[in-house]
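Enquirer: Quick one: sequence and predicted model below, then my questions.
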Amino acid sequence: IYQGRVGKLFNMELAADPRLTVAPGGRTELSVDLRWGARRDAVRLVGRLAVVAPNRLQDSPRAVSSKALKLTVPVLQRGRQVRVTYYDGELIILRDNQDVVDVFWRRQAGGLAQQVQREELEDAQAPAPQEAPASMQEPIGGQADDLLSKVKGLKELLERERVQVAEAGAEGERLRSEIIRLEKEAESAALTVQAHEMKLDVMDRLTLELSRETGAQQQKSSEKGQAQSHLQTELVSLQSRATQTEELIGKLASHEESLRGQIALLEEQLRTGPRELWQSYRAAIARAKSELAEVRTQSTSAKRTAASLRRDAARKQDELSKSSGETDAEAAVRRQLEDRLEQREREITDERARLSEAVAAQDALAAELGEARANLAALEASEAAGRERTAGVEAELEEIIAQATEAQELGKSLQKAAGKPRRRWFR
């Protein structure tokens, strides 16, 4: 809730550092104090920690409770395995399978060992009972032996601390080199992303221009196609009219031939027929000749019309042939532009995929760089704490050596006072 949208909505923040308590049986309890405005809440996450392999732990959350809401609910979150990447008694660094790093400090660092050492020092520095010098020799010698034994243990502890500090220093140098390498790679990745973005911007502009050019060519090709269709329609109409006119000429020619035959027959009957029918024959011949003249006039007009239609059809045929060539050329240009536009769109798609890959690589490098910096910060803090512990052990070691020297001098003086030969009670 604190890290999600609800926490951001209510401006939730931590009122104190989270506290993790681990019982000897593996039971864990994580306590977090939250506040938002004037309200506060204490949230507890109860779980169990188990060792599954060397330096590997199984963290299994069980339930979470809220003091403000007065409820406890089971946790639906799955357990996780964590790996111990660093441990020195005071500081422990854990990393889970998702590379999430947890850093924990002991509330009372080094408390148990130093408390035992302090109690032994207090016992060693306690005043001896006021007895005879002979009875004080062995207790003082025993105290010196204990102090020297503690010196040996502190030396071993000091050596271990120094080794850990040296290892931390070497690891820090490795992390610094790694950070330098990651910074260079991150800078190179940023330049790569910027180059892809600039290239994609230029490709988008060129594609927009090509799209406009393709649209104009498509419009031009469509107009050419419509003009060709109009010419085709006119040519078909002219050819149809010419065919009809030629059919009419044929009919008129047949009619003219029939009228000539009728006139010839009527003239023959006029010559051989009775006188009383001459007037009728002459009227019939005149009517036939008048009809023949009209048919010849229609035939002449039809022939002129047919010739004109043939000329118009031939002209339209030439225009159609020329238009067909232009239309085919415009269609070829249109197809070429469409192919270029399709290719350009495929290139833009591929470039966007490469940009996505470059951005993902940049994000991965940024995450890796952030993790390396966090590890370095934790390691530097651990190294500083180790140096402080080393300095503390050295100071304590010097103090114990001084106390052992003082006890040795006191034993010598007591032996001398008792008149006994000195006995070496330390090595």
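Expert: Perfect, I can see it now. Values in this document were obtained by computation on a predicted structure and should not be read as measured data. Numbers count the residues shown, from 1 in each chain.
Enquirer: rest of the way, CA atoms for contacts and neighbours
Expert: Noted.
Enquirer: What pairs with the helix or strand Ser31 falls within, parallel or antiparallel?
Expert: Assigned by DSSP states H and E, Ser31 belongs to strand 27-36. Paired with strand 27-36 in the same sheet, following DSSP bridges, are strand 13-14 (antiparallel), strand 19-22 (antiparallel), strand 39-53 (antiparallel).
Enquirer: Need the CA coordinates for that strand. PDB is fine.
Expert: Provided in PDB are the C-alpha atoms of strand 27-36 (Å, rounded to 0.1, in the frame of the first residue of the first chain):
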ATOM      1  CA  ARG A  27       9.800 -16.900  12.800                       C
ATOM      2  CA  THR A  28      10.100 -13.400  11.400                       C
ATOM      3  CA  GLU A  29       8.300 -10.200  12.200                       C
ATOM      4  CA  LEU A  30       8.700  -7.000  10.100                       C
ATOM      5  CA  SER A  31       7.300  -3.900  11.800                       C
ATOM      6  CA  VAL A  32       6.700  -0.700   9.800                       C
ATOM      7  CA  ASP A  33       5.300   2.600  11.200                       C
ATOM      8  CA  LEU A  34       3.400   4.700   8.500                       C
ATOM      9  CA  ARG A  35       1.900   8.100   8.700                       C
ATOM     10  CA  TRP A  36      -0.200  10.200   6.300                       C
END
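Enquirer: Residues touching that strand, excluding its own?
Expert: For strand 27-36, contacts defined as C-alpha atoms under 8 Å, 6 or more residues apart in numbering pick out 2, 10-22, 40-49.
Enquirer: What's the ChimeraX line that selects buried ones from those?
Expert: Buried residues within the contacts of strand 27-36, by 16 or more other C-alpha atoms under 10 Å, are selected in ChimeraX with:
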select :2,12,13,20,40,41,43,44,45,46,47,48,49
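Enquirer: How about stretch 93-109, which residues are buried there?
Expert: So for stretch 93-109, counting by 16+ other C-alpha under 10 Å, buried means 93-96, 101.
Enquirer: Oops, could you answer that again for stretch 186-199 instead?
Expert: Within stretch 186-199, the residues scored as buried using 16+ other C-alpha under 10 Å are 186, 189-190, 192-193, 196.
Enquirer: Next: stretch 176-189.
Expert: Of the residues in stretch 176-189, those buried (16+ other C-alpha under 10 Å) are 178-179, 182-183, 185-186, 189.
Enquirer: what do you get for stretch 324-337?
Expert: By neighbour count with 16+ other C-alpha under 10 Å, stretch 324-337 contains the buried residues 324, 326-327, 330-331, 333-334, 337.
Enquirer: ok, Glu330 - contacts?
Expert: By C-alpha under 8 Å, 6+ apart, the contact list for Glu330 reads 217, 220-221, 224.
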